[in-house]
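In: Take this sequence and fold it.
(one chain, ligands or ions: 1)
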Amino acid sequence: MSSRVLFATVYKNRDTPYDYIGANSRSRWFRFYWPRIQSFGLRFLKQNIPELEILEFPTWEEYLRKLEEGWDVLGLSFYLSETHEALEMVEAARARGIPEIWAGNYGALTPEIQGRFDRVFVGYSEQQLAPYFGRQVEKIVHPPLIEYLNTPFGIKLNIYGILFTTRGCGVGCKFCQTPCFAPRPSTLPLESIERVVAYYKKNDINVVLIEDENFGANRRQAERVVEILDDYDMVWGCMARADFLRDKIDEWAQMRRRVSRRDGSARRMVSGFAGAAIGIETLHQQTLDSIKKKEGAEEIVDTVKLLQRNGMGIVGYYMIGFEEDTVSSVKEDIKRLADLKLDITQICVLTPLPQTPIWTEIKDRYGIFDHDYHHYDGKHLVWNHPHIQPQEMDDLLDWSLKTVYPWSAPLRTSYRVWHNAYRYAGMAGLREVASYIRRANRFDFYPKEPRLLV
Ligand code: SF4
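Out: Presented below is the predicted three-dimensional model:
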């Protein structure tokens, strides 16, 4: 008889699901919600190794009930800030006699906890795991990954298909765990990418978010992916470095203009590249150099402005609490950041993540005082900063988020989206964008079984 294997995320309290925009705006005013409703990693595993079972964000009681079904192996997929919950789940599983417990995802990179597991998987693990099930995964199949943007009133605004085209990054920024997790970017097969894009299209999903750590790490692959998205008339955005984007924005904007002239359908006219998520990190060149970002601060800002000139949306990732930062220097920088008027600004407190070069440097030079992993979520100061105290950092983060994210920010973004639709396709464009709301509210985001390609 073959082994029974369960892969689970950490348990969650249903009343407070993780909401990306909420965590990054801290605003009580009208704002959008972007809840985390599925585990991308577990969906990839299930799609490629159907014998295993997955359990996503169960409540504690649901988890315990699931354990009672009896398993040969439990695999836990978790992030660093979820470590304590993962360890509680390990205890419960051991108490119920589950013989083997495995760890995966970024949380498994922490050396101190690796001994609590029987096996630790580093990186994207479909191929490492497959032999356990007597399989080989030669070509990864991309599962459907579907999310939505919500409002405080429960009316969903949009529906997205998530796409990964390469996984991993070897650039080596000193603060980033990706080069420890998956140092060599690997491409996902183009035929699989096309299949999942076709699936989205068939399900009336027109917006695709490319969530590669670094879209464009493989330029040939990125170009082919853009052609696929264009063939399917998708509206799309990506997470990419500014240096790659800067060379591409004009070309992608022109593709959009060409479409406008060539074809009269509103759906075709509002399709194309719509925005990007960029790591800004800091506005100081010296700091960028010291963290080995290998980019110019001015070029990053120029890329942001170029995107804005073309009416595109921007998510910017930014960090405070570098070694040389003081309360007043951060306040000055945040005012400049707010002037960029990004759609979403993610501000994180510099956090030493296990196995990164900055983790070793901070440990040796200043010391880490906080070992509660809940605080390793980018919103807390966990090390002895030379100029800023933990309470000051808390206040500073709060002030920073309020400064970059005024109550008018969601209105500004909404205006940009509607204005662009009108600019490219007139009233038909407005109707097309309005149809996103209808589609998002009709879609079943919580089917009993995860959606897979068959
Ligand atoms: S921050 Fe981005 S570019 Fe730098 S190593 Fe991480 S994924 Fe790569």
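In: Report the backbone C-alpha coordinates of stretch 278-292 in PDB.
Out: Taking only C-alpha atoms (Å, rounded to 0.1, in the frame of the first residue of the first chain), the coordinates of stretch 278-292 have been written out as PDB:
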ATOM      1  CA  ILE A 278       9.400  46.900  -8.100                       C
ATOM      2  CA  GLY A 279      12.000  46.600  -5.300                       C
ATOM      3  CA  ILE A 280      12.900  50.200  -4.500                       C
ATOM      4  CA  GLU A 281      14.400  49.300  -1.100                       C
ATOM      5  CA  THR A 282      16.000  52.700  -0.400                       C
ATOM      6  CA  LEU A 283      16.500  56.000  -2.200                       C
ATOM      7  CA  HIS A 284      20.200  56.100  -1.300                       C
ATOM      8  CA  GLN A 285      22.800  54.800  -3.800                       C
ATOM      9  CA  GLN A 286      25.300  54.000  -1.100                       C
ATOM     10  CA  THR A 287      22.800  51.800   0.800                       C
ATOM     11  CA  LEU A 288      21.700  50.100  -2.400                       C
ATOM     12  CA  ASP A 289      25.400  49.300  -3.100                       C
ATOM     13  CA  SER A 290      26.000  48.100   0.400                       C
ATOM     14  CA  ILE A 291      23.100  45.600   0.100                       C
ATOM     15  CA  LYS A 292      24.300  44.500  -3.300                       C
END
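In: helices and strands of the chain: which one bottoms out on pLDDT?
Out: Taking mean pLDDT, DSSP states H and E as the measure, the helix or strand of the chain with the lowest value is helix 266-269, at a mean of 68.
In: For the stretch 151-300 of the chain, which residues are neighbours of the ligand?
Out: Within the stretch 151-300 of the chain, the positions lying close to the ligand (C-beta under 6 Å from any ligand atom) are 169, 171-173, 176, 178-179, 213-214, 241, 279. In short, each C-beta sits where N, CA and C put it, glycine included.
In: Okay, now the unreliable bits of the chain?
Out: 1, 14-17, 26-31, 257-264, 266-269 (pLDDT under 70).
In: so how far is the ligand from the most centrally placed residue in it?
Out: Nearest to the geometric centre of the chain sits E211, at 5.9 Å (C-alpha atoms, centre = their mean). Taken as C-beta to the nearest ligand atom, to the nearest Å, the spacing of E211 relative to the ligand amounts to 11 Å.
In: The residue in the stretch 201-350 of the chain positioned nearest to the ligand - nearest residue in space that isn't next to it in sequence?
Out: Scanning the stretch 201-350 of the chain for the residue nearest the ligand gives E213, at 3.8 Å (criterion: C-beta to the nearest ligand atom). Nearest non-adjacent residue to E213, counting by C-beta to C-beta, 6 or more residues apart in numbering: C169, 4.5 Å away.
In: Need the phi and psi values for that neighbour.
Out: In terms of degrees, to the nearest 10, the main-chain angles of C169 are phi -160, psi 140.
In: what sits against R184?
Out: With contact taken as C-beta atoms under 8 Å, 6 or more residues apart in numbering, R184 is in contact with 168, 170.
In: gap between the helix or strand that contains P410 and the chain center?
Out: Using DSSP states H and E, P410 maps to helix 409-442. From the chain centre to the centre of helix 409-442 is a distance of 23 Å (C-alpha atoms, centre = their mean, to the nearest Å).
In: before we move on, what about stretch 393-413?
Out: The offset between the C-alpha centroid of stretch 393-413 and the centroid of the whole chain comes to 20 Å, using C-alpha atoms, centre = their mean.
In: Looking from the ligand, tell me which residue of the stretch 1-150 of the chain is nearest.
Out: Y106 (11.7 Å).
In: can you count the residues close to R336?
Out: Here the count is done by other C-beta atoms under 10 Å, and R336 has 10 residues near it.
In: residues in the stretch 351-454 of the chain within reach of the ligand, list them.
Out: Contacts of the stretch 351-454 of the chain with the ligand, taken as C-beta under 6 Å from any ligand atom, are absent.
In: OK, now which residue of the stretch 351-454 of the chain is nearest to the ligand?
Out: When distances are taken as C-beta to the nearest ligand atom, the stretch 351-454 of the chain reaches nearest to the ligand at T356, 9.4 Å away.
In: Assess the claim that that residue and G172 are in contact.
Out: No: look at T356 against G172 with C-beta atoms under 8 Å: they stay out of range, at 9.7 Å.
In: So for those two, which residue has more residues nearby?
Out: Neighbour comparison, T356 and G172: the larger count goes to T356, with 22 against 16 (by other C-beta under 10 Å).
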